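Following is a predicted model, sequence given first.
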Amino acid sequence: MATLPTSSRDQHRTSLGGSTLDEARRRIIFPLDYPSLEQARAAAEKIAPSVGGLKIGLELFVREGPRAVQIGRDLGLDIFLDLKLHDIPETVGRAVAAAAALKVRYLTVHAAGGAAMLSRAAQVASQSEGLLLLAVTVLTSLDEEDLRAQGIPGGLEAHARRMTELARASGIPGVVASPVEVAGLRGAFGRDVLLVTPGIRPGPRDGRRSTDDQKRVSTPSEAIASGADLLVIGRPIRDAQDPLSAARAIVNEVARTLSATSSHGK
Ligand SMILES: O=C(O)c1cc(=O)[nH]c(=O)n1[C@@H]1O[C@H](COP(=O)(O)O)[C@@H](O)[C@H]1O
């Protein structure tokens with residue numbers, strides 16, 4: 001069954017072959033966080049040789065709709081539709097069916113939508129070959145204080161783990177989590193969950209680099225060494241003076257880490 005976590009993950013891992021550099025490239029997803037189709041396409045064409053997938057998020061999808069998905073198709077890259085669906089099961093199920101018709105590879109839902117919503121999403125996705133759902137556990141822009149303010153007990157690690165358990169039990173093959181929780185999630189769930197991490201900030205953590213609105217961050221190398229499958233990296237590439245060089249440097253960093261660890265599963 002396409003949505004069972006193990007088979008979905010195997011299906012995903014099959015695409016992680018080739019040389020270490022090629023594998024490193026495939027691990028990186030570049031979000032097309034741009035205000036127009038033209039800007040998104042120009043950036044995607046430039047960055048495409050250094051990434052494995054393109055993420056289409058709220059800004060571009062709200063402005064341009066499904067036309068944005070065509071950019072990834074034209075470039076032959078995986079398409080990650082990041083709509084973070086969170087609604088009643090019927091509404092989310094219908095939205096998943098609509099997204100599946102766009103032939104995207106990944107689609108996000110919020111784990112906080114609950115078991116019935118996640119199960120409905122998984123059931124609808126299972127009818128569409130090649131679509132992998134990812135449940136967002138705890139947004140990388142939140143910290144412990146935010147969780148306390150929402151009345152969520154037990155801290156970030158525990159909550160990310162509970163959300164992952166809920167997602168897995170509901171038939172969702174992967175989760176989006178901060179790189180800070182990835183080692184714990186990999187330890188708890190083994191190789192049967194696809195772990196996707198935004199909140200990536202290259203360079204030394206000496207306080208000089210801005211983490212923007214991200215509160216739980218790590219370097220590409222730390223995220224991969226902790227067991228992340230895919231890294232979502234936006235502003236460190238998009239806002240760099242030379243975006244292609246920035247992307248290449250990240251690919252090299254990831255490749256070095258893959259060579260030095262067994263986390264690439266070869
Ligand atoms: O689902 C996501 O992709 C996501 C989840 C999350 O917890 N945090 C997060 O930053 N993201 C997305 O990942 C990207 C991170 O971008 P940068 O912070 O610019 O690298 C953005 O497009 C966010 O929408």
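Great, that's in hand. Residues are numbered from 1 along each chain as shown.

how about whichever residue of the chain sits closest to the ligand, what does it touch?
For the chain and the ligand, the shortest gap (CB to the nearest ligand atom) falls at Gly234, measuring 2.8 Å. Quick note: C-beta positions are derived from backbone N, CA and C, even for glycine. Residues near Gly234 by CB atoms under 8 Å, 6 or more residues apart in numbering: 30-31, 33, 55, 198.

give me the subset of these touching the ligand.
Of the residues in the contacts of Gly234, proximity to the ligand by CB under 6 Å from any ligand atom holds for 31, 33, 55, 198.

now, among those residues, which is nearest to Val92?
Lys55 (19.3 Å; CB to CB).

Spatially central residue for this protein, please.
Val196 (4.0 Å; CA atoms, centre = their mean).

Run through who's touching the helix or strand containing it.
Val196 belongs to strand 194-197 when assigned by DSSP states H and E. Where contact means CB under 8 Å, 6+ apart, the residues beyond strand 194-197 that reach it are 5, 8-9, 12, 29, 106, 132, 134, 173-179, 182, 185-186, 218, 223, 227-232.

switch the cut-off to 7 Å
For strand 194-197, the surrounding residues in contact (CB atoms under 7 Å, 6 or more residues apart in numbering) are 9, 12, 132, 134, 173-179, 182, 185-186, 223, 227-232.

tell me which strands and helices the helix or strand that comes right after that strand is in contact with?
Going down the chain from strand 194-197, the next helix or strand is helix 220-225, by DSSP H and E. Contact here means 3 or more CB pairs under 7 Å, 6 or more residues apart in numbering; DSSP states H and E; on that basis helix 220-225 packs against helix 179-189, helix 243-260.

Arrange those in CSV, one row each, with mean neighbour count, distance to Phe80 and mean pLDDT as further columns.
Formatted as CSV, these follow (neighbours: other CB atoms under 10 Å; distance: least, CB to CB, whole Å; pLDDT from 0 to 100):
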stretch, mean neighbour count, distance to Phe80, mean pLDDT
helix 179-189, 20, 17, 97
helix 243-260, 19, 16, 96
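
mind checking which of the ones you listed is nearest Ala48?
Closest of these to Ala48 is helix 243-260, at 9.5 Å (criterion: CB to CB).

With the ligand in mind, check whether the closest one reaches it.
No - Helix 243-260 is not in contact with the ligand by CB under 6 Å from any ligand atom; minimum separation 10.9 Å.
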